[in-house]
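S.K.: Mind folding the following:
(4 chains)
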There are 2 protein chains.
Amino acid sequence: MTASGETEALAEVSLLDRLRLAIVHGELTPGQRLVEADLAMRFNGSRGAVREALVLLENEGLIARQRNRGASVRPVSLDEAIEITEVRAVLEGLCAAKAATGGTAADRRKLKSIATAMQKAVKQNDVLAYSSTSQEAHLYIREMAKQQTASIVLDRLRYQSVRYQFSVAMLPARPAQGLKEHLAVIDAVTSRSPDDAEQTMRAHLTSVIGALRQLAAMGVFGAYVPPAR
Amino acid sequence: MTASGETEALAEVSLLDRLRLAIVHGELTPGQRLVEADLAMRFNGSRGAVREALVLLENEGLIARQRNRGASVRPVSLDEAIEITEVRAVLEGLCAAKAATGGTAADRRKLKSIATAMQKAVKQNDVLAYSSTSQEAHLYIREMAKQQTASIVLDRLRYQSVRYQFSVAMLPARPAQGLKEHLAVIDAVTSRSPDDAEQTMRAHLTSVIGALRQLAAMGVFGAYVPPAR
DNA sequence: GTCAATAAGATTGCTAACAATGTGGGTGGT
DNA sequence: ACCACCCACATTGTTAGCAATCTTATTGAC
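M.R.: Numbers count the residues shown, from 1 in each chain, chains lettered A, B, ... in the order given. Purely as a prediction, here's the structure:
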């Protein structure tokens, strides 16, 4: 064992995840250049490991790489955010439908308890709790659906959208509106009505697209042309 | 310039694409081990470039990699093929809907000409031509939709499914059935009816899932547990 | 004969140095 | 003062070799 055993023992999370977190949390800001040697130093891994992570992050759309010119953090434009939400709408719709037919009675109880927690959060104006219970609901429905392919795709898309996800929840009337929509979805899923589940889930994400447009009008998205993927 | 300039000049396609093609075309069969040094030799690139390609192919689900143990071609199970087709159904449904509202008059003419070619192929029992015009129709609808995110996801999924895609077209009554479905989709898109377009596209891919189950009953998919992603 | 321990071989992952490439700044000409 | 050119610098991409790790075959005990 080396003198500095601390990092090795705790290095349960991959370099990829740490780098992605740094980007998503804004420690590395859009447009910023990512120099392999620097990152290797910062996350103390090999340059090869950093390269591997960069390749994957490019694939996820979080960064842009150009041959011999290096990588940079890629900002997400409004159009892209809307596209991503459109795709999420149909995929989460699919998952909601499958969750409605596939879940167990215990699953449905769990889902109802999440609904209760969400109602409480909104009643107390706790935006943070609303945001997290909302995510919990989406995730649990995906688990019930048992659709790995959709789940993997949704995960990848989430990384791109996390950055503005939170801003949406901060819009004034948003938690109240979102709550209504989530309750409708959960109601449909727990009543085992796949078509309703899909429809309400899609309606919910269509409403999120509206919220995104509102954010755009407020200037959250810089009028900036991102480098090509 | 080196003595063997031929490969360099023609190296317009990336090592990644060539490696992927080798897998999809069955030159590298499921379960086969992929040794970095061998691949570097075969595709004459650096070992680093091969590693980069392997990382991406793992991400696409075409191969499985285990730390210190190397990579191997990953077979696609029936369940996975069905999952992928379910995801395709909703994504291509989205694209069909957007194509119905977004395309130009020229787009719609082009789509109709593809429909004609497809009808001709089926009438002549030309399975190869049917298969290729069918793909052309799907691709053109995606182009009309102008939904890059969905398109990228669909591309990634296609690589996993190409291997059995062709087998589906070979089923006896398949071209006739598929033709009907495709014509319905194209009709809806060219009549600018987004809801119809989405419904017919989803119905088409649901029918493909049925065909997959038929293939499975015929033993096309080996009863083999693929290594985890 | 079967099983466990062990050693040899193969392959990945890492390190360090180097070559290739793109960038930016300075220099000289006009 | 402005522009083209050129050179030094920064950074990536490649190469070769080494250490860590896993696999497999061999040996020996029971």
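S.K.: Spatially central residue for chain A, please.
M.R.: Residue closest to the mean C-alpha point of chain A, counted by C-alpha atoms, centre = their mean, is residue A:158 at 2.7 Å.
S.K.: Can you name the residues that contact it?
M.R.: With contacts defined as C-beta atoms under 8 Å, 6 or more residues apart in numbering or on different chains, the neighbours of residue A:158 are residue A:165. Every residue, glycine included, has its C-beta placed from N, CA and C.
S.K.: mean confidence score for the helix or strand encompassing it?
M.R.: Using DSSP states H and E, residue A:158 sits within helix A:148-170. For helix A:148-170, the mean per-residue pLDDT is 88.
S.K.: list the buried ones in the helix or strand following that helix?
M.R.: Remark: after helix A:148-170, the chain's next helix or strand is helix A:174-190, criterion DSSP H and E. When burial is assessed from 16 or more other C-beta atoms under 10 Å in any protein chain shown, helix A:174-190 yields the following buried residues: A:174-175, A:177-179, A:181-182, A:184-190.
S.K.: Among these, find me the one that's closest to residue B:23.
M.R.: Nearest to residue B:23 out of those is residue A:189 (C-beta to C-beta; 38.2 Å).
S.K.: Could you report the distance from the closest one to DNA strand C?
M.R.: 40 Å (C-beta to the nearest atom of the strand, to the nearest Å).
S.K.: Contact partners for that residue?
M.R.: Per C-beta under 8 Å, 6+ apart, neighbours of residue A:189: A:96, A:99, A:100, A:103, A:108, A:111, A:141, A:144, A:197.
S.K.: ok, now with 6 Å
M.R.: Contacts for residue A:189 (C-beta atoms under 6 Å, 6 or more residues apart in numbering or on different chains) come out as A:96, A:99, A:100, A:197.
S.K.: Which one of those is nearest to chain B?
M.R.: Using C-beta to the nearest C-beta, residue A:96 comes nearest to chain B of those, at 11.2 Å.
S.K.: circling back to that earlier point, let me have the contacts of residue A:189 in a markdown table, extended by secondary structure, neighbour count and distance to residue A:14.
M.R.: Shown next, in a markdown table, are the contacts of residue A:189 (DSSP: H, G, I helix; E, B strand; the rest coil; neighbours: other C-beta atoms under 10 Å in any protein chain shown; distance: C-beta to C-beta, whole Å):
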| residue | secondary structure | neighbour count | distance to residue A:14 |
| --- | --- | --- | --- |
| A:96 | helix | 29 | 31 |
| A:99 | helix | 31 | 29 |
| A:100 | helix | 25 | 35 |
| A:197 | helix | 30 | 34 |
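S.K.: Within reach of DNA strand C, which of those are there?
M.R.: The subset of the contacts of residue A:189 within reach of DNA strand C, by C-beta under 7 Å from any atom of the strand, is empty.
S.K.: In a markdown table: those residues, plus pLDDT and distance to residue B:56.
M.R.: Shown next, in a markdown table, are the contacts of residue A:189 (pLDDT from 0 to 100; distance: C-beta to C-beta, whole Å):
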| residue | pLDDT | distance to residue B:56 |
| --- | --- | --- |
| A:96 | 98 | 31 |
| A:99 | 98 | 31 |
| A:100 | 98 | 35 |
| A:197 | 98 | 34 |
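S.K.: how about the residues of chain A near chain B?
M.R.: A:52, A:55, A:59, A:83, A:84, A:87, A:90, A:94, A:147, A:149, A:150, A:153 (C-beta under 6 Å from any C-beta of the partner chain).
S.K.: Contacts for the helix or strand where the fourth one lies, please.
M.R.: Going back to what we said before, that points to residue A:83. Using DSSP H and E, residue A:83 maps to helix A:78-102. Outside helix A:78-102, the residues that touch it by C-beta under 6 Å, 6+ apart are A:141-142, A:144-147, A:150, A:154, A:157, A:160-161, A:164, A:189, A:192-194, A:197-198, A:201-202, A:205, A:208-209, A:212, A:216, A:221, B:90, B:94, B:147, B:149-150.
S.K.: filter these to the buried ones?
M.R.: Taking 16+ other C-beta under 10 Å as the criterion, what is buried in those is A:141-142, A:144-145, A:147, A:150, A:154, A:157, A:160-161, A:164, A:189, A:193-194, A:197-198, A:201-202, A:205, A:208-209, A:212, A:216, A:221, B:90, B:94, B:147, B:149-150.
S.K.: Please name the residues that touch residue A:146.
M.R.: residue A:102.
S.K.: how about 10 Å then?
M.R.: Residue A:146 makes contact with A:95, A:98, A:99, A:102, A:103, B:79, B:83 under the criterion C-beta atoms under 10 Å, 6 or more residues apart in numbering or on different chains.
S.K.: who wins for most neighbours among the residues you listed?
M.R.: residue A:99 (31 neighbours; other C-beta atoms under 10 Å in any protein chain shown).
S.K.: measure it to residue A:110 for me?
M.R.: 11 Å (C-beta to C-beta, to the nearest Å).
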